[in-house]
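> build me a structure from this.
(one chain, ligands or ions: 2)
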Amino acid sequence: MIVLKLGGSVITAKDRPETLDGDALARAADAIAALEGDEDLVVVHGGGSFGHHNASEHGVTTTAGTRDATAALDIHGAMKTLNQFVIGRLLERDVEAVPVHPFSAGHRDGEGELDLPTGQVETMLAEGFVPVLHGDMIAHAGEGATVVSGDELVAALARALEADRVGLCSTVPGVLDGEDAVIDRIDDFDAVADVLGASEATDVTGGMAGKVRTLLGLEAEASIFGLEGLASFLAGENPGTTID
Ligand SMILES: Nc1ncnc2c1ncn2[C@@H]1O[C@H](COP(=O)(O)OP(=O)(O)OP(=O)(O)O)[C@@H](O)[C@H]1O
Ligand SMILES: C=C(C)CCOP(=O)(O)O
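Ligands and ions are numbered 1, 2, ... in the order given. So this is what the prediction gives:
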């Protein structure tokens, strides 16, 4: 089984609020529709220009929450809008995509630890659907509601579903070193910490450093690659940077 994240920075124009990158989303949907065999696939997408701007305006992050339902729904609503676009493009290509909105499914405890039940995702997979989750708001004990990133959801899903392969499709061809060359393999955070930065665009969830840290904690091997690497990742290859 594969857990794939489509980075918000790939499928949206991240510097322009609520703007889809229609061509990039179409290419990603083409690659997913071409997946052969009967391998289970769970898709998670990030926010890009949907969600991050709203979260930033409301001062909400993964640790700083809000108890204002209107603010929470503003952020959640932006993510649901993007989710509908993603699902729409997949349905057009006969991928049996269905939504799972994390705000209604999980929560964080007082330590900020994410608890994401996955019974519905497992049942969807068993019944032939492709569940599509997204970075979202999530109830957070002691904080109201905070942001949950697509990357955190990927990690939770990979653990709970014992994923064989984990892929993060982002706007870069992999994790880049000081000379902008793709680093082939990362197995130690400290060895690459100085080249790992935040996102260039408005992003409340941590950019590349957060991704590498999250993926290093996983049992399954993970890959970070660009859109040009998506088809080969889905075909079983290891494009971009492998994190193990
Ligand atoms: N060493 C690095 N190698 C590659 N990218 C890096 C590095 N350091 C920082 N970055 C930034 O990380 C960004 C990718 O993280 P970002 O969180 O924007 O991606 P995403 O997951 O695709 O989008 P989203 O968080 O909206 O879903 C790159 O666009 C780049 O600006
Ligand atoms: C900003 C929100 C609501 C979701 C962020 O998800 P991400 O783009 O995967 O970090």
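> show me what contacts the most centrally placed residue in the chain?
Per Cα atoms, centre = their mean, the C-alpha nearest to the average position across the chain is that of G150, at 3.1 Å. By Cβ atoms under 8 Å, 6 or more residues apart in numbering, the contact set of G150 is K5, G7, G8, V44, H45, G46, G47, L133, H134, G135. No exception for glycine: its C-beta is placed from N, CA and C like everyone else's.
> what about the fifth one, how many neighbours?
Going back to what we said before, that points to H45. Using other Cβ atoms under 10 Å, H45 is surrounded by 29 other residues.
> end-to-end on stretch 137-154?
15 Å (Cα to Cα, to the nearest Å).
> can you give the distance of that stretch from its chain's centre?
Taking Cα atoms, centre = their mean, to the nearest Å, the mean C-alpha location of stretch 137-154 is offset from the chain mean by 13 Å.
> now do the buried residues in it.
Buried residues in stretch 137-154, counting neighbours by 16 or more other Cβ atoms under 10 Å, are found at 137-140, 143-154.
> and the residue of the chain found nearest ligand 2, how many neighbours does it have?
Relative to ligand 2, the nearest point of the chain is G135 (2.1 Å; Cβ to the nearest ligand atom). G135: 33 surrounding residues under other Cβ under 10 Å.
> D94 now?
Here the number of neighbours of D94 (other Cβ under 10 Å) works out to 8.
> which stretches in the chain count as strands?
Counting by DSSP state E, the segments of the chain that form strands are 2-6, 41-45, 97-99, 107-108, 114-115, 130-134, 136-140, 144-148, 165-170, 185-186, 222-226, 241-243.
> closest one to ligand 1 among those strands?
Of all the strands of the chain, the one in closest proximity to ligand 1, counting by Cβ to the nearest ligand atom, is strand 165-170 (3.6 Å).
> which residues does the closest one contact?
Strand 165-170 is touched from outside by 1-7, 9-10, 28, 151, 154, 158, 208, 211, 215, 218, 220-227, 229-230, 233-234, 236, with contacts defined as Cβ under 8 Å, 6+ apart.
> is ligand 1 within reach of it?
Yes. Under the criterion of Cβ under 6 Å from any ligand atom, strand 165-170 makes contact with ligand 1 via S170.
> show me what the residue nearest to T62 when sequence neighbours are not counted is bridged to.
Once flanking residues are discounted, T62 sits nearest to V147: 5.1 Å by Cβ to Cβ, 6 or more residues apart in numbering. Note on V147: beta-bridge partners by DSSP bridges are M137.
> dump the contacts of G150 into CSV; add pLDDT as well.
Formatted as CSV, the contacts of G150 follow (pLDDT from 0 to 100):
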residue, pLDDT
K5, 98
G7, 96
G8, 95
V44, 98
H45, 98
G46, 96
G47, 95
L133, 98
H134, 98
G135, 98
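> which pair of the residues you listed spans the longest distance?
Of all pairs drawn from those, the one with the largest separation by Cβ to Cβ is G7 and L133; the distance is 13.8 Å.
> identify the contacts common to these two.
Common neighbours of G7 and L133 (criterion: Cβ under 8 Å, 6+ apart): H45, G150.
> just to check, the residue of the chain closest to ligand 2 is in contact with G48?
No. The pair G135 / G48 is not scored as a contact, 9.4 Å apart, by Cβ atoms under 8 Å.
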